[in-house]
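Engineer: Sequence unavailable; structure follows:
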């Protein structure tokens, strides 16, 4: 996904191409879906007018799409489709219009601008393939995207963010998600021992690493630099290691907690693919427990801060791997802390964040319509063109054992429960009082 480091790299690429790529004026965005005044979705539409005036119709979000347009659009379509909404034609057509002739997608290109191979990226293409596959009816376009991804595979089986660069764990994992969504077997993409799964295994820290790092994924090996766990790489790689893709279908819950790799004396080989998801899940679970059920973003030279994105991806991966019990605490943390991340950015709603939370909520068997007391689906819907058919707000799923549904807004709030109880008690008392008066009045009449 577009991390800070990758956005910086993308910005550099954009700067180098500034003299080549003229950006024409774009049409105004379509009006967001109408929302009741004062609702969370309505308040989230208050965004920067300077930015929104230049956005293309059909695009979700009001922020500059230069580095994440295709990413956020694809996630929004995935989340809405998961909620059984039929997205607007303009939203789908915008995504289709971003695809290049060779099948790949750039992060974003202005209307009428040519496709340049240097601007196409595996992350945008992988998530676009998953969105079109989920929507259905776009097999040709999704298939061309898969063909492009196959052609960009490095000799070691990995994928880079932009073609021609060394591979990284995040990009390789996202491509595996796309392959799985499209019905391809990652174990057969590439030539052994350099298939997609082989490449993913090369980023995972095994028995040669210190015990507290085993199972985690590094972002990218670097000569002369010791391998170290990367939080986002570990979170995004788990969904791929578990054989999952977006939207996530939660696997049956496993009784036992995930375990770190069992390393015999002298063992230093890679983690076997069959054990990869459990090993990664064990590392992530330990990190969540150590940080109050969320993951941390560590940026050189800056204090560590809570990382909503990697925490959400950890929930998606844990659910797909069958570790829903371990995902529950992180999902609850997101319910209590995710609204500001999704709704209160400098440009208003961040559609990628809102969509990721919708996907994570469902994966954790929580209700995205009442997630921490907020309607995430309404927030996302209001951030783009009105869907052809509205999302179907289903009843909340039963709470998993040991999970506090109050944290996601499920059920009635405690104050309403108390109020209803008081009303029922008062009504019962009134009925009893009237009954006594009738009985007493009847007895007095008979006595007279």
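Structural biologist: Cool, the structure landed. As the structure is a computational prediction, the values presented were derived from the model and not from experiment.

Engineer: Least confident secondary structure element in the chain?
Structural biologist: helix 40-43 (a mean of 36; mean pLDDT, DSSP states H and E).

Engineer: In the stretch 1-150 of the chain, what residue spans correspond to helices?
Structural biologist: In order along the chain, the stretch 1-150 of the chain carries the following helices (DSSP state H, counting those that start in this stretch): 4-16, 40-43, 49-52, 69-82, 89-98, 122-135, 139-151.

Engineer: So which elements touch the fifth one?
Structural biologist: Read it as helix 89-98. Contacts defined by 3 or more Cβ pairs under 8 Å, 6 or more residues apart in numbering; DSSP states H and E place helix 89-98 against helix 69-82, helix 122-135. The C-beta positions use only the backbone N, C-alpha and C, and glycine is treated the same way.

Engineer: Please identify which of those helices is closest to residue 375.
Structural biologist: Nearest of those to residue 375, taken as Cβ to Cβ: helix 69-82 at 12.9 Å.

Engineer: What sits closest to the residue positioned nearest the centre of the chain if chain neighbours are left out?
Structural biologist: When Cα atoms, centre = their mean is applied to the chain, the residue found nearest the centroid is residue 356 (2.6 Å). Nearest residue to residue 356, sequence neighbours excluded (Cβ to Cβ, 6 or more residues apart in numbering): residue 312, at 4.7 Å.

Engineer: Please identify the helix or strand for that neighbour.
Structural biologist: Assessed by DSSP states H and E, residue 312 sits inside helix 308-320.

Engineer: in the next helix or strand after that helix, what counts as buried?
Structural biologist: The helix or strand immediately downstream of helix 308-320 is helix 324-343, counting by DSSP H and E. Across helix 324-343, burial judged by 16 or more other Cβ atoms under 10 Å covers 324-335, 337-339, 341-343.

Engineer: Which stretches in the stretch 301-448 of the chain count as helices?
Structural biologist: With DSSP H, counting those that start in this stretch, the ranges of helices along the stretch 301-448 of the chain come out as 308-320, 324-343, 351-363, 376-381, 414-447.

Engineer: Lowest mean pLDDT across these, which one is that?
Structural biologist: Ranked by mean pLDDT, the helices of the stretch 301-448 of the chain bottom out at helix 414-447, with a mean of 42.

Engineer: Okay, domains of this structure per the record?
Structural biologist: 4-411, 414-443 (automatic domain parsing).

Engineer: winner for burial among those domains?
Structural biologist: The highest mean neighbour count among the domains of the chain, using mean count of other Cβ atoms under 10 Å, belongs to domain 4-411: a mean of 20.

Engineer: Verify the contact between residue 245 and residue 180 for me.
Structural biologist: Yes. At 4.5 Å, residue 245 counts as touching residue 180 under the criterion of Cβ atoms under 8 Å.

Engineer: what's the least confident stretch among the helices of the stretch 1-150 of the chain?
Structural biologist: Note on these: helix 40-43 shows the lowest mean pLDDT, a mean of 36.

Engineer: any idea how far the residue lying closest to residue 364 once chain neighbours are set aside lies from residue 390?
Structural biologist: Spatial nearest neighbour of residue 364, excluding adjacent residues (Cβ to Cβ, 6+ apart): residue 331 at 3.6 Å. For residue 331, the distance to residue 390 equals 25 Å [Cβ to Cβ, to the nearest Å].
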